[in-house]
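Chemist: Need a 3D model of the following:
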Amino acid sequence: MASLDEGWADPARLYREGRRARLLLDAAREAAAEAVGCRGDELVFTSSGTRAVHSGIAGALAGRRRAGGHLIVSAVEHSSVLHSAAAHEAGGGTVTEVPVDRGGAVDPEAYAAALREDTALACLQSANHEVGTEQPVAEVAAACRAAGVPLLVDAAQSLPWGPVDGDWSLLTGSAHKWGGPAGVGLLVVRKGVRFAAQGPVDERESGRAAGFENIPAIVAAAASLRAVRAEAVAEGARLRELTERIRARVPGSVPDVEVVGDPVRRLPHLVTFSCLYVDGETLLHELDRAGFSVSSGSSCTSSTLTPSHVLRAMGVLSEGNVRVSLPVGTEAAEVERFLDVLPGAVREVREKLGAPGGARAREEGGSLVVDAVGKRCPIPVIELAKVIGDVPVGGTVTVLADDEAARLDIPAWCEMRGQEYVGERPADRGSAYVVRRRS
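Modeler: Take a look at the predicted model:
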């Protein structure tokens, strides 16, 4: 509130009001730098976390263009990182995407193996935004440091809980992720890192973020980060117990559920699970009517009807995906009510989709063929589940589908149900997915 009264002036000016604004801006910068674990003159404020990522990647690549044009990212990075990688590739650069395991984490050795002589920059998030899995940043940073390659860490999800370990070179964050105002991001560039800001250079923020600083929002961002950090240990432990309660009880109360993400190395406030035979968008609406605002990484909530790139990279079920993020202060009673409501909501959605109609099964070449072309998730998997018992052990079912989510969900269903996924082949309409019955 004080910054609204005192921080309205241009901090670049020398008159009294400008000096007051500069004091507020500098104090906010020092507070944010202390929370991040860097020097104040290494940190600049940007208009968003996404802008920080775009500026950080572009500036680091340009600063090291003599080293080469190779960029490394993980397969589960935030879209802002992947969009920057796509733009770099479109401009003639090369990109290596490091895969992750079923828990969503990269293998440090695999990441180190991707480093090349022409690698200009490597990127790795500190923790995943969809499933909460923490990445081995310190190990990857050590490998990058040994190779002489700077590592940019997207720390948007983890900064509320503590500084990022490891000898990283660049770091980005977003204030709305720790309860601050939207429209404030931060970019840290360590001293000694070659960096060339792209676009028209402004005298603001060391030339790395153009435009008049929104001082009231920046002060609020720094104050909120300091506030959540003061309670991070106790609140993190409390929320971790609540998310662990969800992880443990959902599979017991809702049949055919896969809890995704690393069960141990994860953020304390986030838990994600996917439900077989459920339309994710419909389930979110049911939970919304019950008073729960949850998110989804499922293909059904995407305007392009494509699966979440994170779930796809992990090879886990995407249909019926629910992402629960517990805000600071969430009470145990709220979690208990969610656990009471969820089974009925899932059951109701499954009953609606139990007889979708339109799919036809026929014998063809010794295999039972299910025609689910034109059907969206989760109907191809529902139809597969309905007929798998009609074939003998060792027999096959071929599912014809043109929904991209089937490429992920059918193998995931086989993994969950103990059936053998034989593979995919092109078909006259869509693709043919072959499953062999094991039991």
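Chemist: if I pick the residue most central in space within the chain, what's in contact with it?
Modeler: Nearest residue to the geometric centre of the chain (Cα atoms, centre = their mean): His129, 3.1 Å. His129 makes contact with His78, Ala156, Gln157, Val310, according to Cβ atoms under 8 Å, 6 or more residues apart in numbering. All C-beta spots, glycine's among them, are computed from the backbone N, C-alpha and C.
Chemist: Look up which helix or strand it falls in, please.
Modeler: Assigning secondary structure by DSSP states H and E places His129 outside every helix and strand.
Chemist: separation between it and Arg238?
Modeler: Per Cβ to Cβ, to the nearest Å, His129 is found 22 Å from Arg238.
Chemist: thinking again about what came up before, how about the contacts of His129 in TSV, adding neighbour count?
Modeler: What follows is the contacts of His129, written out as TSV (neighbours: other Cβ atoms under 10 Å):
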residue	neighbour count
His78	24
Ala156	27
Gln157	24
Val310	27
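Chemist: tell me which of those is nearest to Glu6?
Modeler: Of all the contacts of His129, Ala156 has the smallest distance to Glu6: 28.9 Å, by Cβ to Cβ.
Chemist: count of neighbours near Asn214?
Modeler: 17 (other Cβ atoms under 10 Å).
Chemist: For it, list the residues it contacts.
Modeler: Asn214 touches Ser47, Gly183, Val184, counting by Cβ under 8 Å, 6+ apart.
Chemist: swap in Arg429?
Modeler: Here Arg429 is in contact with Val373, Leu400, Asp402 (Cβ under 8 Å, 6+ apart).
Chemist: ditto for Thr330
Modeler: Thr330 touches Leu239, Leu242, counting by Cβ under 8 Å, 6+ apart.
Chemist: and with 10 Å instead?
Modeler: Glu235, Arg238, Leu239, Leu242, Thr243, His269, Val324, Phe338 (Cβ atoms under 10 Å, 6 or more residues apart in numbering).
Chemist: what's the answer for Pro307, then?
Modeler: Pro307 sits in contact with 297-300, 313, 316-319, 321, 377, 403-409, 412, where contact means Cβ under 10 Å, 6+ apart.
Chemist: Which helix or strand contains it?
Modeler: Using DSSP H and E, Pro307 falls outside every helix and strand.
Chemist: Give me the three-state assignment for Arg65.
Modeler: coil (DSSP: H, G, I helix; E, B strand; the rest coil).
Chemist: Can you read off the backbone torsions of it?
Modeler: Main-chain dihedrals, Arg65, degrees, to the nearest 10: phi -60, psi -30.
Chemist: Might you report the residue contacts of it?
Modeler: Neighbour list for Arg65: Gly93, Ala120, Arg194, Ala196 [criterion: Cβ under 10 Å, 6+ apart].
Chemist: Next, give me the two most distant ones among the residues you listed.
Modeler: So, those by Cβ to Cβ: farthest apart are Gly93 and Arg194, at 16.1 Å.
Chemist: for this protein, where's the lowest mean pLDDT among helices and strands?
Modeler: The helix or strand of the chain with the poorest confidence is strand 360-364; it has a mean of 64 (mean pLDDT, DSSP states H and E).
Chemist: which outside residues touch the very next helix or strand once past it?
Modeler: Next along the chain after strand 360-364, taking DSSP H and E as the criterion, comes strand 367-371. By Cβ under 10 Å, 6+ apart, the surrounding residues in contact with strand 367-371 are 358-363, 380, 382-384, 386-388, 390-391, 395-401, 422, 427, 429-430, 432-437.
Chemist: Buried ones from these, can you make that a PyMOL selection?
Modeler: Applying 16 or more other Cβ atoms under 10 Å to the contacts of strand 367-371 leaves a buried subset, and the PyMOL line that selects it is:
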select buried, resi 359+361+380+382+383+384+386+387+388+391+396+397+398+399+400+401+427+430+432+433+434+435+436+437
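Chemist: quick one: which of the contacts of Arg429 sit in strands?
Modeler: Leu400 (DSSP state E).
Chemist: what's the closest of the contacts of Arg429 to Gly68?
Modeler: Nearest to Gly68 out of these is Asp402 (Cβ to Cβ; 40.3 Å).
Chemist: pretty sure that closest one is touching Pro426, no?
Modeler: No - using Cβ atoms under 10 Å, Asp402 makes no contact with Pro426, being 11.3 Å away.
Chemist: Looking at the two, which is more packed in?
Modeler: Asp402 (15 against 7).
Chemist: so what's the closest residue to Phe212 other than its chain neighbours scoring on pLDDT?
Modeler: Setting aside the residues directly before and after it, Phe212 is nearest to Asp10 in space (Cβ to Cβ, 6 or more residues apart in numbering), at 6.8 Å. Per-residue confidence (pLDDT) for Asp10: 87.
Chemist: what phi and what psi does the backbone show at Arg266?
Modeler: Reported as degrees, to the nearest 10, the phi and psi values for Arg266 are phi -150, psi 160.
Chemist: how near is it to Gly166?
Modeler: 18 Å.
Chemist: Which of those two has more residues huddled nearby?
Modeler: Comparing Arg266 with Gly166 by other Cβ under 10 Å, the one with more neighbours is Arg266, at 24 against 20.
Chemist: And for the residue nearest to the more buried one when sequence neighbours are not counted, the neighbour number?
Modeler: Closest residue to Arg266 apart from its sequence neighbours, by Cβ to Cβ, 6+ apart: Gly132 at 4.3 Å. Using other Cβ under 10 Å, Gly132 has 25 other residues around it.
Chemist: Ok, Gly179 next?
Modeler: For Gly179, using other Cβ under 10 Å, the count is 16.
Chemist: Likewise for Ala67?
Modeler: For Ala67, the count of nearby residues is 17 (other Cβ under 10 Å).
Chemist: now do Gly68
Modeler: That count, for Gly68 with other Cβ under 10 Å as the rule, works out to 17.
Chemist: for the closest residue to it other than its chain neighbours, what are its contacts?
Modeler: Nearest non-adjacent residue to Gly68, counting by Cβ to Cβ, 6+ apart: Asp118, 2.6 Å away. Going by Cβ under 10 Å, 6+ apart, Asp118 touches Arg64, Ala67, Gly68, Gly69, His70, Gly93, Thr94.
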